[in-house]
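> generate a structure from the sequence data that follows.
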Amino acid sequence: MASVKNNFMCSTYRKRGKEKCNSHYLREVHLAAIVLDDLLRVTHFAR
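Okay, here's the model as predicted:
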């Protein structure tokens, strides 16, 4: 069974096509790691 890999695609590319923007996206796994790192950094200062 294939695993599901969610990602977030550039909305300009999705809406207007390759004439306006090259294809780029961010995988959900990487976005979650970025958000978690930021939360840990911010909450560290709140302690």
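> any idea which helix is longest in the protein?
Counting by DSSP state H, the longest helix found in the chain is helix 28-46.
> contacts for it?
Residues outside helix 28-46 that contact it (CB atoms under 8 Å, 6 or more residues apart in numbering): 5, 6, 7, 8. Heads up, the C-betas are built off the backbone N, CA and C, glycines and all.
> format the residues you listed as JSON lines; extra columns: distance to residue 17 and neighbour count.
Formatted as JSON lines, those follow (distance: CB to CB, whole Å; neighbours: other CB atoms under 10 Å):
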{"residue": "5", "distance to residue 17": "23", "neighbour count": "8"}
{"residue": "6", "distance to residue 17": "22", "neighbour count": "9"}
{"residue": "7", "distance to residue 17": "18", "neighbour count": "11"}
{"residue": "8", "distance to residue 17": "18", "neighbour count": "13"}
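> circling back to that earlier point, with just CA atoms, put the longest helix of the chain into PDB.
C-alpha atoms of helix 28-46 as PDB (Å, rounded to 0.1, in the frame of the first residue of the first chain):
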ATOM      1  CA  GLU A  28       3.200  18.600   5.400                       C
ATOM      2  CA  VAL A  29       5.900  16.800   7.400                       C
ATOM      3  CA  HIS A  30       8.300  19.700   6.900                       C
ATOM      4  CA  LEU A  31       5.700  22.300   7.700                       C
ATOM      5  CA  ALA A  32       4.800  20.500  10.900                       C
ATOM      6  CA  ALA A  33       8.500  20.400  11.900                       C
ATOM      7  CA  ILE A  34       8.900  24.200  11.200                       C
ATOM      8  CA  VAL A  35       5.800  25.000  13.200                       C
ATOM      9  CA  LEU A  36       6.900  22.800  16.100                       C
ATOM     10  CA  ASP A  37      10.400  24.400  16.200                       C
ATOM     11  CA  ASP A  38       8.900  27.900  16.300                       C
ATOM     12  CA  LEU A  39       6.500  26.900  19.100                       C
ATOM     13  CA  LEU A  40       9.300  25.500  21.100                       C
ATOM     14  CA  ARG A  41      11.400  28.600  20.600                       C
ATOM     15  CA  VAL A  42       8.600  31.000  21.500                       C
ATOM     16  CA  THR A  43       7.500  29.000  24.600                       C
ATOM     17  CA  HIS A  44      11.100  28.800  25.700                       C
ATOM     18  CA  PHE A  45      11.000  32.600  26.100                       C
ATOM     19  CA  ALA A  46       7.700  32.500  27.900                       C
END
